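*Asks:* Got a predicted model here, sequence first, then my questions.
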Amino acid sequence: MGAAIHTDKHFLTILSQNQVDGLEVKIKDDDEWVRVKYLPSSFFVMAVDAFMAWSNGRLRSAPHRVVMNGQEDRYSIALFKFKNGTVEIPEELIDDEHPPRFKPFDHFKFLEFYAKSPIYFDERAIKLFCGV
Ligand SMILES: O=C(O)CCC(=O)C(=O)O
Ligand SMILES: [Fe+2]
């Protein structure tokens, strides 16, 4: 079993797994998938959708998936961090060269809005919800 391509809707994702790899991340806008290699006892931390909006797009919420191709069992555990209240770009990250790319939004309303939507897992959801 694996996981289909998606971006996480939270603020930060912290992942850990047993020593069976499977997580793949798309770092650029091309077709290349990077397989995540964990050091023993390490965590993998990703800035995800709400962090991308907060950072005015400086950090990208990377599409990722889980691809399994062996017979070994894989276990992973995820901690999803939310931002309580309004997510708003700090003024230090806005200037003439970097106009705001996301409107302030309530993180839980974003989650609620897309909870039952077929595009919940789509990377465009955050841009459709609060993109400028
Ligand atoms: O199993 C993993 O390493 C990733 C799982 C994942 O992407 C998720 O739960 O959102
Ligand atoms: Fe994920």
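*Replies:* Right, received. Where do you want to start? Ligands and ions are numbered 1, 2, ... in the order given.
*Asks:* Please give me every residue in contact with the closest residue to Gly131 other than its chain neighbours.
*Replies:* Distances taken as C-beta to C-beta, 6 or more residues apart in numbering place Phe102 nearest to Gly131, at 5.9 Å, with adjacent residues excluded. C-beta here means a position set from N, CA and C on the backbone, and glycine is covered the same way. Contact partners of Phe102, counting by C-beta atoms under 8 Å, 6 or more residues apart in numbering, are 53-54, 56-57, 87, 89, 126-127, 130-132.
*Asks:* if we go to 6 Å?
*Replies:* By C-beta atoms under 6 Å, 6 or more residues apart in numbering, Phe102 lies in contact with 53, 130-131.
*Asks:* top of these by neighbour count?
*Replies:* Using other C-beta atoms under 10 Å as the neighbour criterion, Ala53 leads the contacts of Phe102 with 29 neighbours.
*Asks:* got the phi/psi numbers for that one?
*Replies:* phi -70, psi -50 (degrees, to the nearest 10).
*Asks:* now swap in Phe113 and tell me
*Replies:* phi -60, psi -40.
*Asks:* Please give me every residue in contact with Gly57.
*Replies:* Under the criterion of C-beta under 6 Å, 6+ apart, the neighbours of Gly57 are Arg101.
*Asks:* what about it, distance to Cys130?
*Replies:* 12 Å (C-beta to C-beta, to the nearest Å).
*Asks:* Next: Met52.
*Replies:* In terms of C-beta to C-beta, Met52 sits 11 Å off from Cys130.
*Asks:* swap in Arg58?
*Replies:* On the measure of C-beta to C-beta, Arg58 and Cys130 end up 16 Å apart.
*Asks:* do the same with Ile77
*Replies:* Counting by C-beta to C-beta, the gap from Ile77 to Cys130 is 29 Å.
*Asks:* cool, Val45 as well?
*Replies:* If you go by C-beta to C-beta, the gap between Val45 and Cys130 works out to 23 Å.
*Asks:* residue in this structure nearest to ligand 1?
*Replies:* Closest contact between the chain and ligand 1, by C-beta to the nearest ligand atom, is at Ser76 (3.3 Å).
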